[in-house]
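Whatever this is, show me its structure:
(2 chains)
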2 protein chains.
Amino acid sequence: MCKSLPMGELGKLLANVRSKNFNLVVIGLGRIGLPLAVSFALAGIKTIGVDVNEELVKLVNEGKAPFYEEGLDEALKNVISNGYLIAIKGFNNIIIQGDVFIVTVGTPLTEDVYPDYTQLVSVLKSLARTEVRGKMIIIKSTVAPGTLENVVRPLLETSGLKAGIDFGLAVVPERIVEGKALYEIKMLPEIVGGINEISSQIAAELFKHLNPGKKIIITKPIVAELAKLFTNVYRYVNFALANEFALIAEQYGADAREIIRVANEDYPRGGIPMPGFTGGPCLSKDGYYLLQKNIFPEFIMMAWRVNEYLPQYVANKVIEAIRKLGLNIYSTTIGVLGLAYKKDIDDVRYSPAKKLVNYLERLGIKVLVHDPYVKGTTPLEHVLASSQVLIIAVNHSQFTNLENVINNHQNILLVYDVWGIINREKLRSNVKYLALGAPYE
Amino acid sequence: MCKSLPMGELGKLLANVRSKNFNLVVIGLGRIGLPLAVSFALAGIKTIGVDVNEELVKLVNEGKAPFYEEGLDEALKNVISNGYLIAIKGFNNIIIQGDVFIVTVGTPLTEDVYPDYTQLVSVLKSLARTEVRGKMIIIKSTVAPGTLENVVRPLLETSGLKAGIDFGLAVVPERIVEGKALYEIKMLPEIVGGINEISSQIAAELFKHLNPGKKIIITKPIVAELAKLFTNVYRYVNFALANEFALIAEQYGADAREIIRVANEDYPRGGIPMPGFTGGPCLSKDGYYLLQKNIFPEFIMMAWRVNEYLPQYVANKVIEAIRKLGLNIYSTTIGVLGLAYKKDIDDVRYSPAKKLVNYLERLGIKVLVHDPYVKGTTPLEHVLASSQVLIIAVNHSQFTNLENVINNHQNILLVYDVWGIINREKLRSNVKYLALGAPYE
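Numbering: from 1, shown residues only, chains lettered A, B, ... in the order given. Take a look at the predicted model:
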């Protein structure tokens, strides 16, 4: 307690942040951290990116984006060459130059489907050992409700310093969509849950550098934590419901996409989403962060069950259809188009398409996968030339207007379209076409 | 089969409908049927309304609306006095004058929570006995998917006539919101699921009389049936999710409404609804119509469980709070404001507020209920003067800005606000305030 500094220390940091007279440290250079570090560097802030992955740090310092993100390659080259961004491996002496720290390390689920805070805890322990007096720490990693107060704060206070007095502390959840990270980092409102007022003010000033017109919503940490999780669970449950509608429509020999279009058309209480594979590192796992104190876990579990079951459902429908064509499934090659967890990105974490491929392969079925965004997958032409069956597993832009290409490959006898992006009218009449949520005639 | 008429018979009806040279019969003068009959009569169509309820028929013929619906009273007087609408009890000879029949009878749930088609079947049998050759029959009652093909059609064809040839047949689901029926009957798109093309055309021409600019979506009966159910289940599940969020927020001592506001504010993937009682004859029951062939009934059941449990949850929270105030619950009077199933209407069918009242009363607790829309409830002033506890159970417009009125009644010690419409800052400091989804401090 006696170590407490006057509020003036953080007041000084606030002034320095406002006048861009500070150094930023972004911890974790993954799909959240790297675009964020690049965005701040682009905004003229001296930024240090930290990661434990040596190969990644090397790539970043060479100005090479380690994953696909619209505009990232060029922006990264730019900020590396003008010196506004440097990447370092792990915590080293350079860290001491940091005034504001943003933590973006991954918080995946363990095998027990519990939140895995290993990386977060390790980073916080390192920060506590560093001199954080007069500095600001911002958590962007997705965390369970109450984590800022119950985990982050006590860990950092093992330093003997007090959050909100000796150092600033806030949770500012990340809500961007992968693929549009640079755009959304600039444009999305930022929810700032500071441990106290000065902490919120510093975080607010920081994020305004990304865009002076950026909306900053200042609230309590618990509200910021829950707002992020509610948003993702809301989306995940709605996609699960759309998928359930697809399965129901199939039972009635009706086309779910047509039904949903009709239901939504000019209707003030419409807005039902379309069915399709739903997954990825945010939507798939965020519900689990709410299960700790949840009275009705079945609701979130049910959405999870519907969405996660879908790849298996598609696989079984395809196998059934292959049998109906009189083919032996073990003499058949299935080409899968798309491996990422969603449209126009290269991220395969928690990907339903990958789950589909794994399931088919474990059954001993020959599968060829093409994804234009995912390195190491089979070229499209090879997949098309070698498969009797094609599954459109991701609605990448490249997979629209594939009808003619499919028609030109006489070897293709069956198309299963998870996304309803193929126009069946344009397909050869001897190609059997099935789609998720559409009748199996 | 030999009885089949040339298509010309229905073609003639189509021409007559187009030129307003026909009589309309609306069967069922409830909350759907009566506003619909009045709307057609207002549009200058000679309309006969049929109902089994003698009292209701009498009221209608006197130009008195038997329930509240914005603008209905005046419109009804108008069309009764100019003769465009008459009401009759049951099927009688006047029926023969009808050219187009719209069936709007109720399809509630039985005690077994199965669809109850008693009224629908009775009406269809009567119609089959009538001469329906060259006539058009439209089903507006909510029905399970496949009902037009598997129930309505075979029942009507017991007449020996063929649907689509001898008579027209379509399902045109009702999607209006109670309270705004007259406006929405004019403005909403109409989903027309005709048994064949001529049936759809006739129905389309009919509904265009309500508003020449009305959007008509022509589709298959199964699509029309499912579109209506998907819409209501989508809404019902989303409200259940909002209610689950409220319960989760309470566990964390956070305010669900604040979290949801923060999450939605200027966020492109927002739209989370606010928590509150969810019920009524459409939302509560429509999910059950989808359970017949449903692979995952748990999803709809779970939404149902959350929404239907809520009144009991509120009752238990109120009882707990009364105990904490040191009062005996059996010496306490609970005033409940609102009994309708939603805002600004008088319909109490499937009402969560009613469920709350029933639950409290069955526990032997004294309850006084005021609802400005529901006849026979206790006057507001009496409820306020006699209650120690107030529950705002419905967010009627009349219940906003109640703070001063509550403050003036020193007897009121506790307010439970299901809708978060009371500003706690404006309440006397010795009134304990609780709200659904808000911390219990």
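
what residues does the stretch 101-250 of chain A put near chain B?
The stretch 101-250 of chain A comes close to chain B at residues A:145-146, A:175, A:177, A:188-189, A:191, A:215, A:217, A:219-220, A:222-224, A:226-228, A:230-231, A:233-235, A:237-238, A:240-241, A:244-245, A:247-249, as judged by C-beta under 8 Å from any C-beta of the partner chain. Every C-beta, even on glycine, is put in place using the N, C-alpha and C of the backbone.

I'd like to know which of these are part of strands.
Those of those mapping onto strands are A:191, A:217, A:219, per DSSP state E.

want to try CSV for those residues, with distance to A:Ile329 as columns?
Converted to CSV, those look like this (distance: C-beta to C-beta, whole Å):
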residue, distance to A:Ile329
A:Ile191, 49
A:Ile217, 53
A:Thr219, 54
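
now those residues as JSON lines including distance to B:Ala321, neighbour count and pLDDT?
Below are those laid out as JSON lines (distance: C-beta to C-beta, whole Å; neighbours: other C-beta atoms under 10 Å in any protein chain shown; pLDDT from 0 to 100):
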{"residue": "A:Ile191", "distance to B:Ala321": "31", "neighbour count": "27", "pLDDT": "98"}
{"residue": "A:Ile217", "distance to B:Ala321": "31", "neighbour count": "20", "pLDDT": "97"}
{"residue": "A:Thr219", "distance to B:Ala321": "26", "neighbour count": "22", "pLDDT": "97"}
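
rewinding a little: for ChimeraX, what selects the buried ones among the residues of the stretch 101-250 of chain A next to chain B?
Burial among those is assessed by 16 or more other C-beta atoms under 10 Å in any protein chain shown; the matching ChimeraX selection reads:
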select /A:145,146,175,188,189,191,217,219,220,222,223,224,226,227,228,230,231,233,234,235,237,238,240,241,244,245,247,248,249
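
ok, back up a step: from the ones in strands among the residues of the stretch 101-250 of chain A next to chain B, pick the one nearest A:Pro311.
Lowest distance from A:Pro311 to these (C-beta to C-beta) belongs to A:Ile191, with 32.6 Å.

wait, the closest one sits on A:Ile217?
Yes - using C-beta atoms under 8 Å, A:Ile191 makes contact with A:Ile217 at a distance of 5.0 Å.

overlap in contacts of those two?
Taking C-beta atoms under 8 Å, 6 or more residues apart in numbering or on different chains as the contact rule, A:Ile191 and A:Ile217 both touch B:Val262.

ok, which stretches of the stretch 1-150 of chain A are strands?
Counting by DSSP state E, counting those that start in this stretch, one finds strands in the stretch 1-150 of chain A at the ranges A:23-27, A:46-51, A:85-89, A:100-103, A:136-139.

Let me know which of these is tucked in deepest.
Mean neighbours per residue, mean count of other C-beta atoms under 10 Å in any protein chain shown, is largest over those for strand A:136-139, with a mean of 28.

Parallel or antiparallel, which strands does that strand pair with?
Partners of strand A:136-139 in the sheet, by DSSP bridges, are strand A:100-103 (parallel), strand A:168-171 (parallel).

buried stuff in the last one?
Translated: strand A:168-171. In strand A:168-171, residues buried by neighbour count (16+ other C-beta under 10 Å) are A:168-171.

just those now: which is nearest chain B?
A:Val171 (12.4 Å; C-beta to the nearest C-beta).

Show the contacting residues for A:Arg323.
Counted by C-beta under 8 Å, 6+ apart, A:Arg323 has contacts A:Ile329.

ok so, going back, next, format the strands paired with strand A:136-139 as a markdown table and append distance to B:Lys64.
Listed next are the strands paired with strand A:136-139 as a markdown table, based on distance: least, C-beta to C-beta, whole Å:
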| stretch | distance to B:Lys64 |
| --- | --- |
| strand A:100-103 | 67 |
| strand A:168-171 | 59 |
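
so can I have JSON lines of those strands showing mean pLDDT?
Formatted as JSON lines, the strands paired with strand A:136-139 follow (pLDDT from 0 to 100):
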{"stretch": "strand A:100-103", "mean pLDDT": "98"}
{"stretch": "strand A:168-171", "mean pLDDT": "98"}
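
from the chain's centre, how far out does the helix or strand of chain A at the bottom of the mean pLDDT ranking sit?
Least confident helix or strand of chain A, by mean pLDDT, DSSP states H and E, is helix A:283-289 with a mean of 76. Relative to its chain's centre, helix A:283-289 lies at 11 Å (C-alpha atoms, centre = their mean, to the nearest Å).

That helix near chain B at all?
No - shown here: helix A:283-289 not in contact with chain B (C-beta under 8 Å from any C-beta), separated by at least 10.6 Å.

I'd like to know which elements that helix is packed against.
On a contact count with 3 or more C-beta pairs under 8 Å, 6 or more residues apart in numbering or on different chains; DSSP states H and E, helix A:283-289 meets helix A:221-251, helix A:297-324.

tell me the contacts of A:Phe399?
Applying C-beta under 8 Å, 6+ apart, the residues near A:Phe399 are A:337-338, A:392, A:419, A:421.

Same check on A:Gln388?
Residues near A:Gln388 by C-beta under 8 Å, 6+ apart: A:322, A:327, A:332-334, A:411-414.

need the strands of the stretch 1-150 of chain A in a markdown table with distance to A:Glu70, can you?
Formatted as a markdown table, the strands of the stretch 1-150 of chain A follow (distance: least, C-beta to C-beta, whole Å):
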| stretch | distance to A:Glu70 |
| --- | --- |
| strand A:23-27 | 19 |
| strand A:46-51 | 19 |
| strand A:85-89 | 18 |
| strand A:100-103 | 21 |
| strand A:136-139 | 25 |
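
can you list the weak-confidence ranges in the stretch 151-300 of chain A?
For the stretch 151-300 of chain A, applying pLDDT under 70 flags the ranges A:291-298.

Skipping adjacent residues, who's closest to A:Glu54 in space?
Computed as C-beta to C-beta, 6 or more residues apart in numbering or on different chains, the closest residue to A:Glu54 that is not its neighbour in sequence is A:Lys89, at 5.2 Å.
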